[in-house]
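Undergrad: Okay, predicted coordinates and the sequence, questions at the end:
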Amino acid sequence: MGEGPHRGAPEKRVSDAAVDRLNGALSGRYRIEEEIGEGGMAKVYLAHDERHGRRVAVKVLHPELSAALGAERFLEEIRVTATLQHPHIVPLFDSGSVEASLFYVMPYVAGETLRAKLAREKQLGVEESVEIARSIAAALHHAHGHDVVHRDLKPDNVMLCDGLPLVLDFGVAGAVENAGAEGPSRPGATLGTPGYMSPEQASGTHVDARSDVYALGCLLYEMVTGQPPYSGRTTRAVLARVLMDPVPSPRRSRPALPGEIDSVIRRALAKDPADRFSTAAEMGAALGGRSARRDEITPSVSVRSDTLAVLPLRNLGDDKEDAYVAEGVTDDIIMSLSRISGLRVISRSSVMAYGDVGRDVTRIATDLGVGTVVDGSVRRSGTRMRIVVHLVDAASGAHIWSDTYDRGLEDVFEVQSEVAASVARAVRLELSRANREGIEVRGTRDADAYDMYLRGRFHWNQRRDASVGESLAHFGRALERDPDFALAHAALADAHAILGIYGGEPTPEAMGAARRAALRALELDPTLGEAWASLACVHAMHDWDWLEAEECFRRSIEAAPSYATAHQWLAMNLLTPCRRFAEAVARLDRAEELDPRSGAVAVSRGIVAFYERDLAYAAQALDAAARAHPRFGLAHYFLGQCLEAMGHGDKAVEPLRHAVMLSDERSETLAALGHSLGSQGQTEEAEGVARRLANRARRGYVSPALRAQVQLGLKKGGAALDLLEEAAEVRAAELVWLGVQPAYDPLREEPRFQALLERVGLPA
């Protein structure tokens, strides 16, 4: 695509006439500020997103290319790119047409391109090069799993943000190609970049995921040698060498390069796609196990015979959009198995990362510390579904048991119960009466209700305010079809509880809705551990009824011993606010056993240490979590607060600003930033944050407790206490942290503050 340095420091002013035209056309959506790059396909502008108050990059395709494509076809093709959500992929925010030109919108990411780094350093260290390549391989594998091939991977399309690689423009070249355009008519512009094109792409034949593997081989070659594998004075000369020249060995340019890395690169650059790695994940695995840095942030896992992982079931249906069905069935099988006492079942967030990673069961089992693995597939045709399930011994790779189920959607819950019972028998577990009742899921006989439920779970699992809101609509439609669908009520309770805890909805409304949904779910099915956990959060975060909350958590864990979320929520939403830190750590140990790759659990460890005032350990744990999960805003949010509490206010602002960006300027992250700025004497900007939160509060819900934090940063204790008392009137969820949050330390001797602690039922 070659749009140049469109992330990082702005480079040139855009003309007033161009600004006026674009701003007129995009009025109310984006305000163009500067032109920051141009390439063969598009001009790139730095802009302000008026609706969400954030900086974005707007890419406007050149008019002649837009005319060749047509708006409807291009926007339809690029829409699938918006589904990509991965730590090493810069997401697509928006797309549309303006002044007869097509455009798409991405986050504005500060940093430098890999191209800029190579221009400055020429060659990179082998370990750094491999780390970057493995991260890109993970991003490619995620995209390929959604049938998105990049087609234009090159150093210009890889951003390095705090050293972490982020891939830009996923699927854009493919959208152009699939929309039927021959490519831009501008001189030198092609669908792809000659030095990084695979031979099949250069010759105009079929392109698939292995073409991206080839491009990644080119990138790794250039990182370790300082030059691309093929070069020439003209585009034609470069393409001729790509098609005809032997595959070069990078060791000729860098003799000290390890032989295994040389072999990986040369295999990736094979002329015939069949001779390359079949997947990007396979190439990433060939580059070695976890790096030293990754080992530091991921605890080692020992294999246990009483443990099991359910790998994401493959979607074999003709409609790739049915991926949500396979994902939902996987989730439900995991939940059924998690209800069996005596069996440790790995949570979804740890297994979903593996996707179709070549299904190297032994490696996956070692990663997760499990003795057996459930593998299989789902094929949907209308309202019929075929589910194939295999139980595999991790050590030998032998199939212990397998079965095929051809059923209607309305019968899928019976299948899940049968699978759970068969797995238990296969691993020689004696099912108690409670276990048998637990795995007999009360589902629905309405196929459309189940379809809506699966769609809702798909959106819920993305865990962003907008996607959780979308899940509510789907769960609501499922319940309109079948008001007695217990799992849909439990899912509805989950969604409302999360929105209430994180301020996506006003606490009383959200927690009231969560309570009603959880109680209805438990009325229909008392064995639903997830509904008990949601009800426990309502009692803790809204009612401040700590005894009842603890009883509900106990019942949740009793009903679903392998439900990692219950252990984590118990640690974070009850034990930590009540200063029972040792018990909280023990619960997080259990959550980690069940969800060893969870970013939320890793961050929770740092949060507990932060609130316990073990700041040195907290900073180490949160920094490690932020490195391991760079797109997880909560890690950066608490890291910044921890650094401020340690007296490193000058270092706190950067992670807090990053958290604000990652959270789409969620109020809680803005409040932490405002507190930090005020504490450092940056009064004007802190006052600006206070005004923004006050303005938001006039339009919608903002917890008064968050606004109080900014006032404390500005040394306005009286105003902060007024807001905290206002928060108590609306039972704001944030008040459960009054006893442990360092931001409130200046108020601890105040009688009004002590009265608030007593009102919430927290120890002083």
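TA: Yep, it's here. Numbering: from 1, shown residues only.

Undergrad: can you give me the strands for this protein?
TA: Here the chain has its strands, by DSSP state E, at 30-38, 42-49, 54-61, 94-98, 101-107, 112-113, 158-161, 164-167, 304-310, 314-315, 344-345, 370-381, 384-393, 399-408.

Undergrad: Out of those, which one sits most buried?
TA: Of those, the one with the most neighbours on average (mean count of other CB atoms under 10 Å) is strand 344-345, at a mean of 24. C-beta here means a position set from N, CA and C on the backbone, and glycine is covered the same way.

Undergrad: So what are the sheet partners of that one and their directions?
TA: Sheet pairing here is set by DSSP bridges, and for strand 344-345 it gives strand 304-310 (parallel).

Undergrad: and the partner strand, average pLDDT?
TA: The average pLDDT within strand 304-310 is 74.

Undergrad: next one: stretch 95-106
TA: 78.

Undergrad: Contacts for that stretch, please.
TA: Here stretch 95-106 makes contact (CB atoms under 8 Å, 6 or more residues apart in numbering) with 21-22, 25-26, 30, 47, 49, 56-63, 65-67, 69, 71, 74-75, 78-79, 82, 90-94, 168, 172.

Undergrad: and it, how far from the chain's centre?
TA: The chain centre lies 26 Å from the centre of stretch 95-106; the measure is CA atoms, centre = their mean, to the nearest Å.

Undergrad: Over to stretch 475-483?
TA: That offset, for stretch 475-483, works out to 28 Å (CA atoms, centre = their mean).

Undergrad: one step back: need the strands of the chain in TSV with distance to T669, can you?
TA: Formatted as TSV, the strands of the chain follow (distance: least, CB to CB, whole Å):
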stretch	distance to T669
strand 30-38	22
strand 42-49	16
strand 54-61	12
strand 94-98	22
strand 101-107	15
strand 112-113	25
strand 158-161	17
strand 164-167	19
strand 304-310	33
strand 314-315	35
strand 344-345	33
strand 370-381	36
strand 384-393	41
strand 399-408	45
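
Undergrad: Least confident of those, on average?
TA: Across these, strand 304-310 gives the lowest mean pLDDT, at a mean of 74.

Undergrad: Contacts only, for the nearest residue to A560 once chain neighbours are set aside.
TA: Leaving out its chain neighbours, the residue that sits closest to A560 by CB to CB, 6 or more residues apart in numbering is G529, at 2.8 Å. Listed by CB under 8 Å, 6+ apart, the contact partners of G529 are 338-339, 555-560, 563, 566.

Undergrad: quick one: which of these is most hemmed in?
TA: Counting neighbours by other CB atoms under 10 Å, A566 leads these with 31 neighbours.

Undergrad: pretty sure that residue is touching R555, no?
TA: No: contact criterion CB atoms under 8 Å: A566 and R555 do not qualify, at 9.5 Å.

Undergrad: any shared contact partners between the two?
TA: Common neighbours of A566 and R555, using CB under 8 Å, 6+ apart, are 529, 532.

Undergrad: Give me the pLDDT for the residue nearest to A560.
TA: At G529, pLDDT is 92.

Undergrad: got the contact list for the residue nearest to P742 when sequence neighbours are not counted?
TA: Nearest non-adjacent residue to P742, counting by CB to CB, 6+ apart: A645, 4.6 Å away. Neighbouring residues of A645 by CB under 8 Å, 6+ apart: 610, 613, 615, 742.

Undergrad: Equivalent analysis for A138, please.
TA: Residues in contact with A138 (CB under 8 Å, 6+ apart) are 86-88, 280-281, 284.

Undergrad: For the helix ranked longest in the chain, give the mean pLDDT please.
TA: The longest helix of the chain (DSSP state H) is helix 126-145. Across helix 126-145, pLDDT averages out at 90.

Undergrad: If we go by neighbour counts, what in that helix is buried?
TA: Buried residues in helix 126-145, counting neighbours by 16 or more other CB atoms under 10 Å, are found at 126, 129-145.

Undergrad: Same question for stretch 588-608.
TA: Under the neighbour-count criterion of 16+ other CB under 10 Å, stretch 588-608 has 588, 590-608 buried.

Undergrad: Show the end-to-end separation of that stretch, please.
TA: One end of stretch 588-608 sits 10 Å from the other (CA to CA, to the nearest Å).

Undergrad: pLDDT value on E687, please?
TA: 97.

Undergrad: if I look at the spatially closest residue to it that is not a sequence neighbour, how far off is E684?
TA: With CB to CB, 6+ apart as the criterion, E687 has its nearest non-adjacent residue at 7.0 Å, and that residue is L714. According to CB to CB, to the nearest Å, L714 and E684 sit 11 Å apart.

Undergrad: Give me the more crowded residue out of those two.
TA: Neighbour totals were compared for L714 and E684, and L714 leads with 20 against 8 (other CB under 10 Å).

Undergrad: any idea how far E685 is from the more buried one?
TA: L714 is 11 Å from E685, where distance means CB to CB.

Undergrad: mind listing the helices for the stretch 351-500 of the chain?
TA: 361-368, 412-426, 433-439, 447-460, 465-481, 486-501 (DSSP state H, counting those that start in this stretch).

Undergrad: Tell me the helices and strands packed up against the fifth one.
TA: By that I understand helix 465-481. helix 447-460, helix 486-501 (3 or more CB pairs under 8 Å, 6 or more residues apart in numbering; DSSP states H and E).

Undergrad: hey, which of those is tucked in deepest?
TA: Mean neighbours per residue, mean count of other CB under 10 Å, is largest over the helices and strands packed on helix 465-481 for helix 486-501, with a mean of 26.

Undergrad: Which strands or helices does that one pack on?
TA: Counting contacts by 3+ CB pairs under 8 Å, 6+ apart, helix 486-501 packs against helix 447-460, helix 465-481, helix 507-524, helix 529-538.

Undergrad: Could you list the low-pLDDT ranges of the stretch 451-600 of the chain?
TA: Counting by pLDDT under 70, the stretch 451-600 of the chain shows low-confidence ranges at 462-466.

Undergrad: likewise the stretch 101-250 of the chain?
TA: Along the stretch 101-250 of the chain, segments meeting pLDDT under 70 span 162-163, 171-192.

Undergrad: Output the helices and strands packed on helix 486-501 in JSON lines; the columns should cover distance to I400.
TA: JSON lines is the format used below for those (distance: least, CB to CB, whole Å):
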{"stretch": "helix 447-460", "distance to I400": "28"}
{"stretch": "helix 465-481", "distance to I400": "35"}
{"stretch": "helix 507-524", "distance to I400": "34"}
{"stretch": "helix 529-538", "distance to I400": "27"}
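
Undergrad: now for these, which one comes closest to K122?
TA: Taking CB to CB as the criterion, K122 comes closest to helix 465-481 out of these, the separation being 42.6 Å.

Undergrad: If you rank the contacts of A138 by neighbours, which is first?
TA: The most neighbours of any of the contacts of A138, using other CB under 10 Å, belong to A280, which has 28 neighbours.
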